[in-house]
Structure formats: structure tokens, C-alpha cells
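Asker: here's a sequence, model it:
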Amino acid sequence: MLLRSREIARICALTLYVFSALTAVAGLSQAREEGLRWSHPRLDVQRFEAQIQPLSGGAPQLVSMGLPTPDAQGIYRQDLEVGDGDVEVSLRAEGPGGVLSDWTAAQLRLDDAPPPDPTVEPGAGIEIPPTAGAATRLDFADNPPGPVVSGWVDTTNNFSLSVDDTLFDVVSVGGNPMLHTASTASDVHSHAAGANQIRSNFEIRGRLAMDHPDASIGVTTYSGYPAEDVYYRIGRESGGAFRFTGRPGLNCSSEDSDVIPVAGEWIRFKIDVIDEVDQNRIRAKLWSESESEPSEPQIECVDARSDRPSQGTFGVWSGGPGNKYWDDFEAFQGESPGGGGGTAPPLPPVLLQIIPVTP
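Answerer: Next comes the predicted model:
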């Protein structure tokens, strides 16, 4: 019987099934493993045997599979090293009286193999504990997982100002609620909404992660969304480093951080916008949560345009494949602990009330 990887070979008369899926291909010149799954109706099976036959010819190899423990659906699972080329894998069962079923065969070809999965789940990461003096903190701890993200507004692709609150949600990763999107659309955003989130001369902190190396991910500040297409952003596009950009465009002598994130890695950030009366000075730090915070900003930019933004909210930006995550946002007004902000006194803490929405 001929089948491609991940398809099912079945001998109907014996009700013996073999499911195969390519789990790793080390290269054309190296052995690879196949993940085998199968079931058998007899309860008196004592062991299973596999036979590996190269399709290019040569002697078959007989391998004892033992007796794996079946799952709740009666499916047996075991990995099997099958060689470095196209092969036919056969399986049979043996019991107290000898062979219980004839060989059931599946042909497994290298060109049937799916491409390696590049995604790496980041897990919950290390939560950033609350910082004294923060003007506001949004860590989604009181937001039930689901499509409703209290206090946030989503806008659609290609820098649109149109609202679509289905693009971002709250998910629980390892018991830690966080902002998330699985949208692959380009240049979608979510924004901390409400008049109490519109600030000037402030620093935003938090952390972010992605599970796909080709994802675009970032954070916005001094944002006019959803009313106006204006903001500053620290973000990275596929394969690149985090860099500073603005809308409208803004040239900067130190816009590239040289921090290139990898899938599954949590990145922490601090983005400080300092109002220097006749210009905005933007400073940003980014670092892996497994490393120490850098002593100096990697990004520093001055915006002296006459139409530069004077205030705004903060939010997130994303695009491309995979899942993207953000958590533990904190805003600091004026001089922030360890920040280097302006000289304005800190505002009193903002009372954030999150009301669950009953479906």
C-alpha cells in the first residue's frame, strides 16, 4: 500500500492502522526519524515489529517496537529511525500464539516531507513586577482571556484608522494573561484607549515576543490613533533588528538598535519621549529578558519638526506570520525611575477599572 507522510495506511480485514508523520529530516546524507502512530483491535498483543525496506533496494531491517502504552483512544506512538532515503515501513503485531496480523506497509518519501516548522513558542516568560511611581500599568491580569480587550482599540491593516476590535485578544500563556494577535495582515495596530492614556513627556515600558522568525512586531508611542495617522514606533520587520520610525516618516542618525530578536524570545523595552520645548528627544533600550538592561540607549533620535506630535497614547504594531505577544505595559510621566525623562512631577496613579463583558 502506498501513502504519503501524514496519511493513513489501513488493512481493512485486520483493522490494523498505521499513521506516519515525518518528524525530523537531518539531511539527505543522514538518518531521519519518523513518528509512527497505529492502532490494533486485539488486547493480547505482546509486541510490534517494524520492517524498514529502502526503495532503492537492499536488505530490509527488522526492528522491535516493543509494546508502547496506547493513549485513551487506543493509539500507539513511537519514533523510528528509518535511514537516509525513501523507504517502505511495514508493521505487524505478535501475541501469545505468534503473528496476529500480516505486514501493513507505508511508503515514506523525502519529497513528501513538510518543511521544518520555524515557530518557537515563547512561553509565559518572566513577568515584569509593578514599578513604584508608574502613572499606569496595563498587564491584562484582570482581563478574562478572549476577544474582548478592555481599554484597547484595534485598527485594520495598512495603517488604516478603521476600527476592527477582532484583531487582538487576550490569551493566557502559562497562566499569564497577555495581549496577543495571530493576524498576518500587514501593519495592524492596537491602542491603549481613553483620555487618561493620552500623555506627553512620558516613558513606556514592557515586553514583547513572537513565535515566528518572519513576524513584524513593535510598540508605538505618542500615537494619534485611531483619530490620526501619527506616532513614533520601535519595531522590527522580518529578519531585521528593532529600529525607530515615525509616521509621518522621520530621519534619525541613530535609528537602528542592532537588537535582532529570535522566535520564542521575550524582549524588554523602554521608550522615552522627552519634551525639550523646541524638539522631542526619543531614547529607547531593548534587551533580551535573559540579559541585563543596557546602560545606555541603543536608539536616540531628535524630532525638531514644527508639526511633531506633542502628545499621544501608546500601543502595538504587527504584521506577517505567527503569533505576537505583549505584556506588562507601564507608563512613567516625566522623570521615571532609572529613566532619564523630563522634569515634570509624576501624575497620580490612574485608576484602571476592567469590567468583564458577559457574552
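
Asker: show me the contacts for the residue lying closest to G125 once chain neighbours are set aside.
Answerer: Using C-beta to C-beta, 6 or more residues apart in numbering and skipping residues adjacent in sequence, the residue nearest G125 is W266, 3.8 Å away. C-beta coordinates here come from the backbone N, C-alpha and C atoms, glycine included. Applying C-beta atoms under 8 Å, 6 or more residues apart in numbering to W266 gives the contacts P122, G125, I126, R207, L208, A209, S288, E289.

Asker: return the distance of P294 relative to S288.
Answerer: Applying C-beta to C-beta, to the nearest Å, the value for P294 to S288 is 11 Å.

Asker: kindly state the pLDDT recorded for P177?
Answerer: P177 is assigned 97 on the pLDDT scale.

Asker: phi, psi for it please.
Answerer: For P177, the backbone dihedrals are phi -70, psi 140 (criterion: degrees, to the nearest 10).

Asker: what is the burial count for S101?
Answerer: 20 (other C-beta atoms under 10 Å).

Asker: that one is in contact with G95, isn't it?
Answerer: No. Counting by C-beta atoms under 8 Å, G95 is not a contact partner of S101; they are 9.4 Å apart.

Asker: okay, now the unreliable bits of this structure?
Answerer: 1-31, 73, 110-114, 335-359 (pLDDT under 70).

Asker: try 90 this time
Answerer: 1-44, 50-60, 65, 70-93, 95-117, 194-195, 239, 249-254, 334-359 (pLDDT under 90).

Asker: hmm, back to that, columns distance to V171 and secondary structure on top of the contacts of W266, output as a markdown table?
Answerer: Below are the contacts of W266 laid out as a markdown table (distance: C-beta to C-beta, whole Å; DSSP: H, G, I helix; E, B strand; the rest coil):
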| residue | distance to V171 | secondary structure |
| --- | --- | --- |
| P122 | 12 | coil |
| G125 | 13 | coil |
| I126 | 17 | coil |
| R207 | 15 | strand |
| L208 | 14 | strand |
| A209 | 12 | strand |
| S288 | 22 | strand |
| E289 | 19 | coil |
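
Asker: tell me which two in the residues you listed are the farthest apart.
Answerer: I126 and L208 (13.1 Å; C-beta to C-beta).

Asker: and those two? which has more neighbours close in?
Answerer: L208 (30 against 13).

Asker: the more buried one contacts Y325, correct?
Answerer: Yes. If you go by C-beta under 8 Å, L208 and Y325 touch, sitting 6.5 Å apart.

Asker: look up how far T119 lies from the spatially most central residue of the chain.
Answerer: Centroid-nearest residue in the chain, with C-alpha atoms, centre = their mean: D211, separated by 2.7 Å. Distance, D211 to T119, using C-beta to C-beta: 5 Å.
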